[in-house]
Structures are given as C-alpha cells and as structure tokens.
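Enquirer: sequence first, then the predicted structure:
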Amino acid sequence: MTLLSVRDLTVKFATRDSSVTALNRISFDLAKGERLGIVGESGAGKSITGFSLMNLLSRPGFIDNGTILFQGDDIVKMSESQMRSIRGNQMAMIFQDPMVTLNPVLTIGQQMVETLRAHRKLSQKEAEQIAIVKLREVYIPSPEDRLGQYPHELSGGMRQRIVIAIALLLDPQLIIADEPTTALDVTIQADIMELLLELCQSNKVGLILITHDLGVVSQMTERTLVMYAGKIIEAGRTREIINDPQHPYTQGLINALPQQTQPGNPLKQIPGNMPSLAAIPNGCAFNPRCEYALDHCRTTAPEIVQYAHVEVACHEVSRLHSDKSEERSA
Amino acid sequence: MLAYLVKRVFQAVAVMFVISLIGFAIQDNLGDPLRELLGQSVSEEVRQELREELGLNDSFVIQYTRFLGKALQGDLGTSYFFKEPALDVILKKLPATLELVLGATFIIVGFSVPLGVYTAIRPNTILSRIIMGLSIVGISVPVFLTAILMIYVFAVGYGWFPSFGRGDLVHVFGYWETNFATLDGWSHIFLPSLALASIMLPLFIRLIRSEMMEVLQSEYVKYARAKGIWPWRIYFVHALKNTLLPVITVGGVQIGTMVAYTILTETVFQWPGMGFMFLEAVNRVDTPLIVAYLIVVGFIFVVTNTIVDLIYGLVNPMVNLARMGA
Ligand SMILES: Nc1ncnc2c1ncn2[C@@H]1O[C@H](COP(=O)(O)OP(=O)(O)OP(=O)(O)O)[C@@H](O)[C@H]1O
Ligand SMILES: [Mg+2]
C-alpha cells in the first residue's frame, strides 16, 4: 500500500527579481513501512526534499508545483493547522545535529511531553509515562531521571537517541532522518543507525534516510534515490543501485567509496563540483563532469526512464552499459 | 553556588572600593571645606588651626583611610547646606527616586516584551513598521525634551495629569512614602515614569525583536515546528525564554543606568528625589552631598548588576553556578 506519493514536486527559492529552482519535478513513491535512501553530494537538494514533505520550507523557499500525497491527502494543499496535526504525529523528523535540535532551556521531559500533548489529550502524568517507555526503547539508562535533565547534561549520542525517541512518541507512519549521524562521533554512528533500523523494522515505520554515505544506504534501506542538482537521476532497489549503478554520477559515487579503493591508492573522486542553483548547466546538469557526455547531453535534459533494473536519467546509458559489459567479459 | 556568590560579592566590593576612591578624590579637590564652614572673614591662624584639627594636612593615604573607615560606618560626611549627615539626606530622597525607576521599569517590561515579540513574529505588518519607526524617534529624542513635551501636551494642554511633585503619599516605613497607594499618587508618577522610560523602552523593544528574530531562525525552533507544537507555544515558550536570557543581562545594566537618568527627569518634573537633590547640591557646591550621592548611586549600580548576574545564573540551565565559582 502506498504511504507517500510525490509527483512532479518543484521547489523554488525566490530571489530579488526572479527565482531559482532547487527541486526540479521530483517524483517517487514510498510503500507503508518501506525504507528509502536519498543520496547525493552536498547541495543536491536532499534536505529541501525532506523539508518539503513536512511542508516546512523556510523563506524564501516555496513549493512551486506538484503534489505530495500522504495517505491519500495532498500536503501541498493542506492548511497550516491540518499540517501541524500531521507533523510530529504521523510524520516525524530527525535532524542532523542533536547538539542544536533540542531546546537548551527546556528539559528533556518538557520537550517530550509537549510533543505528546500537542497531538493527544493526555495528562502530564500519562504523557510522562509514555515518554519513559519510549526512552527505554532507545536504550537510555534510567529514563525516569532523564526527564528532569537539560540537553547540555547529555552526550551527543544520548541526545540523538532522545530525538529518535521523540520521533517515535506518537507511533508515526513515516520518519524522515536527515543525516542523523553526521554530527556524531564515528564510534557511535553505527550504533545509532542500527537502533534506527531496528526500531523502524519492529514498529513497521516508513523511513526516508538522507545521507552522503552509500554504505549506510545499502545497510539501511530497500530503495534508493540518487539526486543531482535538484533532480532524481537514478532510482531503484538499493541492491541494484549499489551493485550495478547505471548513471555515470552514481558510478562515480560508488567508485569514490573507500572500500572500492586499493589501500594506498588515492580515493577516486568525481572531478569538479555540484553546480550552484543559479548556474545549472543546460541539458544534463551533470554533463560538465561526465566523461561520456556528447553534444546532445549539453542541449537536452534526459528524462528518467526504466533501464535494466532501475530508473535512470541519462542519454548515454545504453552505450555505458555495453562498455561495462565488455569490460567485465574482457 | 556559594563559591560563585562569594566571588561575585568580592568583585562588587572591589568596584565599590574604586568608586570610593573617586569620591574621595572629588571631595579632596572640589571646593574648600574651610570656606564653607567658616566663611571668608577668619584669620589665617584660625584657619591653619582648624586645618590641623580636621586632619586636612595629613597625607592622602591617611585622609583616605579615615574617609573609608567613616564611610564603612555609614558616615559620608555632613551636608553643608542641610547641616545633616549626607547619607540621611540621600536616604530620605531615595524612595522617591526608586519608585520612579520602578514605575519606568514596569512600563519598560510591560510594553517591550509584547511589542518586541510582536514585531519579531510579524515583521512586515503596518503596525510593526509604525512601532519600529516610533522607537527610532524615542531613542533619538533626549529625555528632558520628551519630559517637557509631555508636560506641555498632557499636563498643560489636556490637563490629564499633574505636572510636578509626588501628590498624595502613603507612609510605608522609615523614610519610605509610596506613590502606588493612591490614585493621586499614580497620576503624579505616571508622566515622570513614562519620560524616564522613553529612551530605554524603544531600546528594549529593538533588542528583544532582534534577539527573537535570531532565535526564530534556530534549529530548535524549526525542530519544534517539525514536532507539530502550537505556534503560540513555540513563540512564548521555546523562543521567548531563549530571547530573554541575553536581554536580562543588558537589561539589568540599563536599569542601573536609569538611576542616573533620573537627574533630568526629576528636575523637569520637580520630583523630590535624589536626582533633583543632586543638581541642587551641585549648584550649592555641597561637596559632601555630591560625593555621598555618587557613592550611593555607585552602590545601587553594583548591587543591581550582581543581582542580575545571579538571576541570569539561576534561569539559565547552561550556567552551572557551582562550577563557575571554581
Ligand atoms: N534559503 C535558501 N536560499 C537559496 N538557496 C538555498 C536556500 N537553502 C538552500 N538553498 C540551496 O538549495 C540547494 C539544495 O540544498 P539542500 O540543503 O537540500 O542540499 P543537501 O542535498 O541537503 O546538501 P547537504 O548534503 O550539504 O545537506 C543548495 O544548492 C542550497 O544552496
Ligand atoms: Mg542537507
């Protein structure tokens, strides 16, 4: 059953005299309980996508076009108060840096209880009981004592566990996690991811995981979207995308993974940078960095089409594919 | 907590020490106490005798130590004009001034928070623009001009408020008689308080507005929205608390400064407080009274700042008072 269905989502940023396009006709679906990864370099539009789903774009960003059907209702058309009743309730978000997401002057208990009471008629006591149960689920030791503590009294990993507990408070259908471990110590990143995976599976919660890290995506998600300059350029089952990437950009991302490099050799980075929104190249946005680019790549933008096991937006995908097969048979 | 308290009190004492030194230096250099005491027509021998007797020929250090010792016992000298201990003269005038400052503080707190919050969350409405425009005017017009204008319009023109004095007072205890117990008292204190608040109020509105706007951009406010918290709760619980933390520090200092501004306001409204008294003392070259005034105002300033710091430590969960003392 489809939980979320995004069609032609276009997001723009108003500039002084016109606007720039941050998301260009994004479409994807998410089934109930499904876990989806969104990957791409910095500036690809991953976070903008996440915030759009919550209808939480801050000025000057705005949804210019498209629909976001969540359980059949269009979020784009919802009033602010309808949207408020969904946020934190049926759709929860985990932010990147737990050091700055929790309010420094409110206790953990206050921040948990207010979330529950924003959506359900509960007494203070009842809300605290639920909060304690959820803290226990994320393996916070002595959860009763945490309620009275302030965020600065807890470590980063502990705070992110609390943010995860808050996300689960109202048993949402969907959690959007925007780089939930990037700000954390490397030694605990894997623990947090494992926890998130375990909880999503056991509670049958859908997950949209935004990350730079293809390794994390392969471990956490069933399907993956690869974004570049505000567009989806490849989408499909995570396994297929990791094992047999079709788009030259996705291939570049995978070749750049440390595991793909022989020890001692330098990492194979994709040359060049993601373009800024104001200067997206004509044709395929990736063409200046692409070793396969031909003339038509510089003039016409490719549509996303089914190819092999995935969907991909590349004119030259078949040529690339045959090159690769030759390589393999050789 | 105790260590922090001790440290803070120690700092306060150090500041008071410097103020007393300045006060003494003024006393030493301003006017001739003999002339005030004896007049012009006394022979040189008598003068010298009295100089010796009063210890005016002693070294600076000895004279200062004597001054400090007396000051610590509450003896700040005797007013030439009132022929009374200077501290007593001031303490009699102090309640009037403090009530004026209190009235102005009420006005500032009562208006700056709602107006600052409103202009921060609705920055583009016409009302916000009007408030911001007026605040610029308020900051740039000097207090005495505001005060005179107010008297001209509301006291002389419309006759809504009396233009001078304190009106009917009710005795509380000691030297303290209050304006806040009768309607007449309220009507007398209203205009002077408003005049005194006229500089600080716009400053506070702007300060709260800019702090609040910054806080509203923060991650934790965005996160609160993502949790589906009601907007009013985001504004008044999540954002306002973080906004007011830095405002408290600045605010405390400003309220101390306001005691000094009372000189102008009290003079224009002939408010019988210590600011009015100070100006008269300057006219009469009543040196002990001038010095005593400086020391008392310095004392008030130091005490308010210390209290504000302590309050800040108490309301800000991130300041651990126990640790700061170490
Ligand atoms: N307020 C804004 N005004 C103009 N452009 C913006 C604004 N916020 C974001 N952008 C632009 O939108 C694009 C997409 O931003 P987004 O934050 O979604 O990137 P991202 O893929 O999440 O990158 P990262 O991995 O660095 O988080 C970027 O080019 C960014 O510069
Ligand atoms: Mg991002």
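Expert: Structure received. Ligands and ions are numbered 1, 2, ... in the order given.

Enquirer: just the CA trace of stretch B:300-320, in PDB.
Expert: Extracted in PDB, the C-alpha atoms of stretch B:300-320 (Å, rounded to 0.1, in the frame of the first residue of the first chain):
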ATOM      1  CA  ILE B 300      22.900  50.800  43.700                       C
ATOM      2  CA  PHE B 301      24.600  50.100  40.300                       C
ATOM      3  CA  VAL B 302      26.900  47.400  41.700                       C
ATOM      4  CA  VAL B 303      24.100  45.800  43.700                       C
ATOM      5  CA  THR B 304      21.700  45.600  40.700                       C
ATOM      6  CA  ASN B 305      24.400  44.200  38.500                       C
ATOM      7  CA  THR B 306      25.300  41.500  41.000                       C
ATOM      8  CA  ILE B 307      21.700  40.500  41.500                       C
ATOM      9  CA  VAL B 308      21.100  40.400  37.700                       C
ATOM     10  CA  ASP B 309      24.100  38.100  37.300                       C
ATOM     11  CA  LEU B 310      22.800  35.800  39.900                       C
ATOM     12  CA  ILE B 311      19.300  35.700  38.400                       C
ATOM     13  CA  TYR B 312      20.900  35.000  35.000                       C
ATOM     14  CA  GLY B 313      22.700  32.100  36.500                       C
ATOM     15  CA  LEU B 314      19.600  30.800  38.100                       C
ATOM     16  CA  VAL B 315      17.300  31.000  35.000                       C
ATOM     17  CA  ASN B 316      19.900  29.700  32.500                       C
ATOM     18  CA  PRO B 317      20.300  26.000  32.900                       C
ATOM     19  CA  MET B 318      23.600  26.100  31.000                       C
ATOM     20  CA  VAL B 319      25.300  28.200  33.600                       C
ATOM     21  CA  ASN B 320      26.400  26.000  36.400                       C
END
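
Enquirer: can you get me a residue count around the residue in the stretch 101-250 of chain A that ligand 1 sits nearest to?
Expert: Among all residues of the stretch 101-250 of chain A, A:His212 sits closest to ligand 1, at 6.0 Å; criterion: Cβ to the nearest ligand atom. (Each C-beta comes from the backbone N, C-alpha and C, glycine too.) By other Cβ atoms under 10 Å in any protein chain shown, 16 other residues sit near A:His212.

Enquirer: could I get the contacting residues of it?
Expert: A:39-42, A:179, A:182 (Cβ atoms under 8 Å, 6 or more residues apart in numbering or on different chains).

Enquirer: same check on B:Leu196?
Expert: Going by Cβ under 8 Å, 6+ apart, the list of residues near B:Leu196 reads B:100-101, B:103-104, B:143, B:258, B:261-262, B:265.

Enquirer: after the helix or strand where B:Pro95 lies, which helix or strand is next? Please name it.
Expert: Counting by DSSP states H and E, the element that carries B:Pro95 is helix B:86-121. Sequence order places helix B:126-140 as the next helix or strand after helix B:86-121, per DSSP H and E.

Enquirer: that next one: which residues count as buried?
Expert: B:128, B:131-132, B:135, B:138 (16 or more other Cβ atoms under 10 Å in any protein chain shown).

Enquirer: ok, and the closest non-adjacent residue to A:Gly40?
Expert: A:Met227 (3.8 Å; Cβ to Cβ, 6 or more residues apart in numbering or on different chains).

Enquirer: the one you found belongs to a strand?
Expert: Yes: judged by DSSP: H, G, I helix; E, B strand; the rest coil, A:Met227 forms part of a strand.

Enquirer: and it, what pLDDT?
Expert: The per-residue pLDDT reported for A:Met227 equals 96.

Enquirer: ok, it to A:Leu30 distance?
Expert: Here A:Met227 is placed at a distance of 15 Å from A:Leu30 (Cβ to Cβ, to the nearest Å).
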